[in-house]
Structures are given as C-alpha cells and as structure tokens.
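A.B. asks: Below is the sequence, then the predicted model.
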Amino acid sequence: MKYLKLSNILLTSVIVISVALVSCQKFGSDAVSIATGSTGNDIELLRTVLEEYTTETGQAVEITSMPSSTTDIFGQFKIWLNAKTSEIDIYQVDVIWAPQIGNHLVDLTEAVSDVSGDHFSSIIESQTSNGRLVALPFFTDAPALYYRTDLLDKYNENVPETWDEMALIAEYIMDEEHAAGNTELWGFVFQGNSYEGLTCDALEWVKSHGGGQIIEPDGSISINNPDAVRAIEFAADLVGTISPPGVTTYQEEEARGIWQTGNAVFMRNWPYAYGLGNSDDSAVKGKFDVAPLPSGGAGSAATLGGWNLAVSKYSEKQEAAIDVVKYLASKKVQKFMAINNSKLPTLPELYSDPEVLKAVPFFAEWLDVFKQAVPRPSAPTKTAYNEVSKEFWTAVHNVLTGSSSAKDSLANLERKLTDIKESESGW
C-alpha cells in the first residue's frame, strides 16, 4: 500500500491500493485510478474484479479507498474536482451528485451508447445533467427492513407492516429477552448520525407518514407540515427505548455491527448488509430475512440510492478510464457483485437470473421496491442539494438528540430552506 500524492491538496486517511501491475499494458504504463467508498467488503471485491480486468487487458488500475460516509466522500471529491487534479481518473458517484458536479465530468453519451440502453432508464436519466450523461450505472440501492426470523417465530409475531407495529413488536421481544438474560438485545437500529444517511432514513419516515419529500419535484418546500412533524416525533421516541441512545452516532456500518453480532431484532439498512449478514462469521447467519420498510399510514417509502461511475474531465487517461467504467458496469461484473455483495443490479435482466436469485432470493421482490423508490430532492434543488440536505439532516438530528422539538425544528428548517431557495445558490 502507498499513499496517493496530490500536489497542494490535503488528503487525510485515503489509501491507495495497487492492483497487479503487468508489463504488457493495453493503454501504456500508467495505471488508471478509481476513487470509491469503503463500506463492508466493497474494496475487497472490487479489487478481485479489477485484478481479473488487468489480467484480461493488461491495464493496471489503482483503487483509492474513501471513508464510508457519503458526506465525507462528496466533500473530498469536490476538493479534487475543483482543483482539477488529474490524479483521479474515475469517481464512483452517488446517484444524487450529477446535478452538482456534472460539469467536472466527461460526457459519456457517445462512448457508452452501445450499452447505456441496457440499464434502467430512470437511472440513466438521473445521471444525465444538461443533456450530458456524466456517469454509467454500477449498482442501485433501495433499503430494507431486516428482521430476525428466529425471534419473530419464537414469540409468534408477524413481520410488521407499519412503523407502529414494528416498534411494539421490537419492544415486546426486547423486554422478554432482557427478562431471560439477553440484556444486550435492542429492538431497532438505523442510521441516526448527522450526515447524508440520516437524510435517507428521515425521508422514509416523512414520506411514509404522508409528509411529502422535503422539497417537491416542482421546487416547492413542503417539509413543515403536521404529518412530517408526526414522523420525526415517532423516530425521536425510538431513541433510548427500542433503539440504543448511541444510535444518533450510527452510520451504516455501526448499525450493521450491532445487528450482525445478534444484538437487534430489526434493522434498517441497504442490500449490501444481506450478504455480510449471511457470512460464516455472522451471529445471525440463516436467522434473518428482509421485507419492505414499514408504512407510517401512507405506504412504504424507500429512499432511492445507488452508485455510478464517472470519468473526470481532468483525467489524462480518459480512453482507458472509459474502458474500465464499461467493464465495471457490465453484466459479468454486476452479476458477480450481486451474488457476492448483494448489490442491486442496474440491468433488469439480472433480477430473473437463476444464479443471482439463488444467492439473494429477495432480489425477486426488490425489483418492485426499487421501481417505487423515493428520490431525494437533488433534481429540483440542483447545485443547492448538498446545502439543503445538510439543513434537513441537522434539523432531524436536533430532534433525535432532544435539543429541539420536531415542530420547532421543522419550522426553522422551512425558513432556512426558503433563504437558500431565494439566494444565489438556490433553485
């Protein structure tokens, strides 16, 4: 391992993993670099895929491993792109980032025209900014409610269909298990830290309670309403009762850590946790399943996630980078990632693939969940989205930690969002 050296750029805790350099190289002696998040075993499996690519093509690829927090990743990516560094060739980008950083990315429309039609059209559309396709889909995401089948069977409980049912079942099982000596068990874990992940969780609470989408597709600010207040109050009541007090510091991996050691009845998380939960060292292997997120009275709502592959305009190896992007987005690689890392493919045909469904049976049901997933308001807010999201997750976190009431916090949030909308950076 070595550290990536970037001129005049402060880079903290970013590790570069070199992948199998070989002498006969298709695109010359320089390796292509890809910057990507490091949740679960993502890096390990990506390294496996790229080693095979290097063997097949002779093109070396280096992985720059980022933190798992999407907020931290986005901040670092903006630093690199604004500095116009050529050190990073490929960026693995969140589905919401196209309107914010698209002007720094290569227009892939023509280069991937032979494969772009194979992917879900909604994802291709989400990665098209000002008529330019700036990223090719890698995997999509829609979260699930993970539940302990052994514990629900033990106490003759059904899979909850509403958030209130989930809370009641979680409290009942937790209390019974505590009385029996299993005092480490909690009822429900989720992503409650002050970061982009909380925007995803809170959007699901609000939307499923009938409180809208924070900012509607037409750009109107809708968050300050009684249903949204009720949703955030519900979430705040979970903290310290069926959810650990420390849940307000949890991101995806902290929630998975509690869950995978067998210390939670329910968990909200993304599909990647499914495969890891069934690994040989998991305390819950074979003891859990997944279901759509509960309803708050207005139906189930799952935030649309997913990651895509973009090529930097400042890369000096754009042709080679585009080749790597097309390889990673291919059926072969997406199938490997689905089977080994429970990543939701962006290719519809893989949802009926027998080998995929054998490894991750819930994919058969997840196609409809994905199609109905709720987008974050990045499209209507454009370049202001990051500021909007930060204000939203901060407002919600203030309620979860008890520093503000939901009514006051959302009223204050509405005022701040109005100021952003009316400012130069607005939408």
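C.D. replies: Alright, I've got the coordinates.

A.B. asks: show me what contacts the closest residue to residue 190 other than its chain neighbours?
C.D. replies: Spatially, and ignoring its direct neighbours in sequence, residue 190 is nearest to residue 268 (4.2 Å; C-beta to C-beta, 6 or more residues apart in numbering). The C-beta positions use only the backbone N, C-alpha and C, and glycine is treated the same way. Shown in contact with residue 268 (C-beta atoms under 8 Å, 6 or more residues apart in numbering): 143, 144, 145, 146, 188, 189, 190, 191, 201, 204, 255, 293.

A.B. asks: Around the fourth one, how many other residues sit close by?
C.D. replies: Just to be clear, that refers to residue 146. 25 (other C-beta atoms under 10 Å).

A.B. asks: domains for the protein, by residue range?
C.D. replies: The record's domain parsing of the chain by automatic domain parsing lists 2-134+305-371, 144-302+378-422.

A.B. asks: Comparing those domains, which yields the minimum mean pLDDT?
C.D. replies: Sorting the domains of the chain by mean pLDDT places domain 2-134+305-371 lowest, at a mean of 87.

A.B. asks: how far out from the middle of the chain is that domain?
C.D. replies: Between the centre of domain 2-134+305-371 and the centre of its chain there are 14 Å (C-alpha atoms, centre = their mean, to the nearest Å).

A.B. asks: State the three-state secondary structure for residue 140.
C.D. replies: Following DSSP: H, G, I helix; E, B strand; the rest coil, the label given to residue 140 is strand.

A.B. asks: and what of the one 10 residues further on?
C.D. replies: Classification of residue 150 using three-state DSSP returns helix.

A.B. asks: Let me see the contact set for it.
C.D. replies: residue 287.

A.B. asks: quick one, what contacts the most centrally placed residue in the chain?
C.D. replies: With distances taken as C-alpha atoms, centre = their mean, residue 305 lies nearest the centre of the chain, 4.9 Å away. Applying C-beta under 8 Å, 6+ apart, we find residue 305 in contact with 94, 95, 140, 141, 142, 143, 200, 270, 373.

A.B. asks: of all those residues, which comes closest to residue 170?
C.D. replies: Residue 170 lies nearest to residue 143 out of the contacts of residue 305, by C-beta to C-beta, at 17.1 Å.

A.B. asks: Correct me if wrong: the closest one contacts residue 203.
C.D. replies: No: between residue 143 and residue 203 there is no contact under C-beta atoms under 8 Å: 10.7 Å.

A.B. asks: which neighbours do those two share?
C.D. replies: residue 303.

A.B. asks: returning to what we had before: show me the beta-bridge partners of the residue nearest to residue 190.
C.D. replies: residue 145 (DSSP bridges).

A.B. asks: Begin at 53, not 1, for the rest of this chat.
C.D. replies: Will do, 53 is the new start, and the previous item becomes residue 320.

A.B. asks: List the beta-bridge partners for the residue nearest to the centre of the chain.
C.D. replies: Going by DSSP bridges, residue 357 forms beta bridges with residue 193.
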